[in-house]
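> need coordinates for the following:
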Amino acid sequence: MDIKVNDQLVLKISDILDDAAMLYFDATRNPDIESSEVTNYRIQKLHLNFYDCLIKIINVFLKVDNIEDIPENFEKQINDKLKELEQLFENETINSEELRRALLFQDIKAFKNLHYPIDYITPDAVSYLAYIISSYILENKREALILDPNLGTGNLAFTLANYLDMDVTLIGYENHELLSRVAAVKADFLQQKLIINQQDCLMVLPNNIDLIVSDPATHNYHNDDYSSYLYDQGISYFPYLLIEHYLKMEKNLKMVLIIDNDFFNQKGSNVFKELISKTATIEALIVLPETFFSSINNLKSILVLNINPKEKGTSTEIYQLPNPNEQDKFKSMLNDIRQLLTKE
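Now for the predicted structure:
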């Protein structure tokens, strides 16, 4: 789906949300125990982080919460900002992709505030390509139930929902309490259907999913109560365990996973590959261009995995995606990928 985005409108929305959130931050500070500078996060542990303030502001804007117990001058300034945002919604035609991009700016600020690595957020170029791949797999569908088992703040999932030309319901698992709250309030702001579960994705197996799309964390998983074929052999690389877990789904299903380029060099990779060969097929490995990433240390690829395929043992197609500036080559390779993923 082609969506027109007004960049100036995106920045305006982002600025209003930022201003209102920082006003709430200032209004709820205790100067007796905190630093005098709002931005001096490293010196004192603050009472609220930026996400807490942003969630509050969005919920007030959506009229599911109220501003209470803050100085009157701050309350007035915040209400003025929210009125400005309301007028913007009344006077402009705003689509959900413009709102998502405005929230992405807030994600970046919040991650800096919390000292979380920015590369935990899936880059838009990668998210958009994941949408293209997903659109090939879901071709001709009118509705889809899409699972992201490692949802984070939802940037990847919401990009898919915005661009896919169908009725999308998202299901997300996220065991980080703050990030799950962020994803939930974003869904409300975007008016996107999201069923979010704050829990370990390896502890639940959903039904009736049409597609799994995720940018899984790359840590080593530790849980004394967890047991699986791979984990019991000392293999703890989370993406391996995530794939192993969803191989248990009995229906024919595809997974679109954003993986680090050293994915197949992790401890236990041989055992993992052997497991895959018995129950799934890696249909495609799409190596993404360096220009998609801020650093060559963060290069990634997209893995398309077919669970319970009709034909097992088929070979994996590997694509080295060119820079999008090379339009003819880029479109040609996407067409090749489409033919692969849509063939019977």
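
> let me know how buried residue 108 is, in neighbour terms.
For residue 108, the count of nearby residues is 13 (other Cβ atoms under 10 Å). Placement of C-beta: from N, CA and C, glycine included.

> now it: how far from residue 137?
As defined by Cβ to Cβ, to the nearest Å, residue 108 lies at a distance of 30 Å from residue 137.

> what count of nearby residues applies to the residue nearest to residue 177 when sequence neighbours are not counted?
Excluding the flanking residues, the one nearest residue 177 by Cβ to Cβ, 6 or more residues apart in numbering is residue 198, at 6.3 Å. Residue 198: 16 surrounding residues under other Cβ under 10 Å.

> just the buried positions in stretch 170-182, please.
For stretch 170-182, burial by neighbour count (16 or more other Cβ atoms under 10 Å) applies to 170, 171, 172, 173, 174, 176, 178, 179, 180, 181, 182.

> could you confirm residue 181 falls within a helix?
Yes. Assigned with DSSP: H, G, I helix; E, B strand; the rest coil, residue 181 falls within a helix.

> now the nearest residue to it once chain neighbours are set aside: which helix or strand?
The shortest distance from residue 181 to any non-neighbouring residue, by Cβ to Cβ, 6+ apart, is to residue 55 (5.9 Å). Counting by DSSP states H and E, the element that carries residue 55 is helix 50-61.

> what's the answer for residue 318, then?
Going by DSSP H and E, residue 318 is part of strand 317-320.

> which other helices and strands contact the following helix or strand past that strand?
Going down the chain from strand 317-320, the next helix or strand is helix 327-342, by DSSP H and E. Counting contacts by 3 or more Cβ pairs under 8 Å, 6 or more residues apart in numbering; DSSP states H and E, helix 327-342 is packed against helix 124-137, strand 280-287, strand 317-320.

> ok, residues contacting helix 327-342?
For helix 327-342, the external contacting residues (Cβ atoms under 8 Å, 6 or more residues apart in numbering) are 132-133, 136-137, 139, 254, 283-284, 286, 304, 317, 319, 321-324.

> quick one on the thing from earlier: who does the strand holding residue 318 pair up with?
As defined by DSSP bridges, the strand partners of strand 317-320 come to strand 280-287 (parallel).

> how about the partner strand: buried residues?
By neighbour count on 16+ other Cβ under 10 Å, the buried set for strand 280-287 is 280, 281, 282, 283, 284, 285, 286.

> residues near residue 240, how many?
Residue 240, neighbours per other Cβ under 10 Å, totals 25.
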